[in-house]
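S.K.: here is my input; please provide its structure:
(chains A and B)
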Protein chains: 2
Amino acid sequence: MKILGIHADRVWYKVTKKTKMAEPEPVLEDEMTDCVLLFCCVEKSDEISPEKTVAATIENILVRLGRLKAKQVMLFPYAHLASDLGCPGISQWILKSIQTRLIEEGIETKRAAFGWYKEFEIKSKGHPMADFSMSICPFIGGVCDGECGPKKQEHIEAACHS
Amino acid sequence: MKILGIHADRVWYKVTKKTKMAEPEPVLEDEMTDCVLLFCCVEKSDEISPEKTVAATIENILVRLGRLKAKQVMLFPYAHLASDLGCPGISQWILKSIQTRLIEEGIETKRAAFGWYKEFEIKSKGHPMADFSMSICPFIGGVCDGECGPKKQEHIEAACHS
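M.R.: Alright, predicted model coming up:
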């Protein structure tokens, strides 16, 4: 799971066009003020354990929200953060689960339309912690240090052959 | 070199605070309309051949601008797209060189302040080609297919020991 986060004064989006993997009844237009915008990209490797991916992502998001003293989140599916994407079904399940879990944690959470092209506006806050990225590895349950490639590959291969 | 591109109706930024690697006399505030915003992140591996990195990046940017029929670019240094960053000196040299080369190609090109925190506003166009990413590998002179990792490592090691 790759995430690009922006602490924003305002985020707005409006769908412009469907892709083949468009969710059927999305929120067509929405906005949020004083929030953390999370561009999210589910990766193929997250499919091995969607549950662990959700748990690790929630843990990392909550730490970040705590630092920012932020209570509102806009989850924004964004395929351009990774080259090896998760399939649409599991990706949507993961994003919806993250939304549900964040709401349970008391975070007001919106989720932008999955599988639709969208125009958007962002006004970022620009303070030293306002922009950040996270690479969540479901195998180690935390932010990936980029050194788990071979280990990850072993897990994927083990999962494929089990 | 990692690039995240957004075809935008408008981009605006204003510096908020220096980092340790702040360029001394940047444009403190700037904006551009009807342009391609390129969030750029120079990677450690680009240091082996900054010249090849610039050449490969220019080639890929020009192809993309052609498809979008775009003639204006805002280069925006953004460290959050990669984990292994190039050093500030070479990163700035690469970004300035890209700006110079794009201008030579007839593209109006602005470059946002390097090494400064910035607040920004983006209004994206949201059409099917409006958002894109590029991973430029200086060794193969084109968009990286993600399969050159071991080969790249060999090159880095060779460069370090030569």
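S.K.: gap between the residue most central in space within chain A and A:R101?
M.R.: Central residue check for chain A by CA atoms, centre = their mean: the C-alpha nearest the mean position is that of A:C40, 2.8 Å away. A:C40 sits at a distance of 13 Å from A:R101 (criterion: CB to CB, to the nearest Å). The C-beta positions use only the backbone N, C-alpha and C, and glycine is treated the same way.
S.K.: can you give me the strands in chain A?
M.R.: Per DSSP state E, chain A has strands spanning A:2-18, A:29-41, A:72-77, A:108-111, A:116-124, A:131-137, A:142-143. These are given in chain order.
S.K.: ok, the second one near chain B or not?
M.R.: No. Remark: strand A:29-41 sits outside contact range of chain B, by CB under 8 Å from any CB of the partner chain, the gap being at least 9.1 Å.
S.K.: just checking, what packs against that strand?
M.R.: The contact analysis (3 or more CB pairs under 8 Å, 6 or more residues apart in numbering or on different chains; DSSP states H and E) places strand A:29-41 against strand A:2-18, helix A:50-68, strand A:72-77.
S.K.: now the first one
M.R.: Counting contacts by 3+ CB pairs under 8 Å, 6+ apart, strand A:2-18 is packed against strand A:29-41, helix A:50-68, strand A:72-77, strand A:116-124, strand A:131-137.
S.K.: hey, C-alpha coordinates of it in PDB?
M.R.: Provided in PDB are the C-alpha atoms of strand A:2-18 (Å, rounded to 0.1, in the frame of the first residue of the first chain):
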ATOM      1  CA  LYS A   2       1.400   3.300  -1.100                       C
ATOM      2  CA  ILE A   3       0.000   6.500   0.500                       C
ATOM      3  CA  LEU A   4       0.800  10.100  -0.300                       C
ATOM      4  CA  GLY A   5      -0.700  12.400   2.400                       C
ATOM      5  CA  ILE A   6      -1.400  16.100   2.300                       C
ATOM      6  CA  HIS A   7      -2.600  18.100   5.300                       C
ATOM      7  CA  ALA A   8      -5.000  20.400   3.600                       C
ATOM      8  CA  ASP A   9      -7.200  23.400   4.200                       C
ATOM      9  CA  ARG A  10      -9.600  22.200   1.600                       C
ATOM     10  CA  VAL A  11     -10.100  19.300  -0.800                       C
ATOM     11  CA  TRP A  12     -12.800  19.000  -3.500                       C
ATOM     12  CA  TYR A  13     -13.400  16.500  -6.200                       C
ATOM     13  CA  LYS A  14     -15.900  15.800  -8.900                       C
ATOM     14  CA  VAL A  15     -16.000  12.600 -11.100                       C
ATOM     15  CA  THR A  16     -15.500  13.300 -14.800                       C
ATOM     16  CA  LYS A  17     -15.600   9.900 -16.500                       C
ATOM     17  CA  LYS A  18     -15.900   6.200 -15.700                       C
END
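S.K.: and it, what's buried?
M.R.: Residues of strand A:2-18 classed as buried by neighbour count (16 or more other CB atoms under 10 Å in any protein chain shown): A:2-8, A:11-16.
S.K.: quick one: mean pLDDT for that strand?
M.R.: Mean per-residue pLDDT for strand A:2-18: 98.
S.K.: mind listing the strands that strand pairs with, and their directions?
M.R.: Note on strand A:2-18: by DSSP bridges, its sheet partners are strand A:29-41 (antiparallel), strand A:116-124 (antiparallel), strand A:131-137 (antiparallel).
S.K.: which one of those lies closest to B:V54?
M.R.: Among the strands paired with strand A:2-18, strand A:131-137 comes nearest to B:V54, with 24.2 Å by CB to CB.
S.K.: name the residues of chain A found near chain B, please.
M.R.: A:4, A:14, A:16-17, A:19, A:78, A:80-81, A:83-84, A:117-128, A:130-133, A:135, A:146, A:149.
S.K.: before we move on, the earlier item: show me which pair in the buried residues of strand A:2-18 is furthest apart.
M.R.: A:H7 and A:T16 (25.6 Å).
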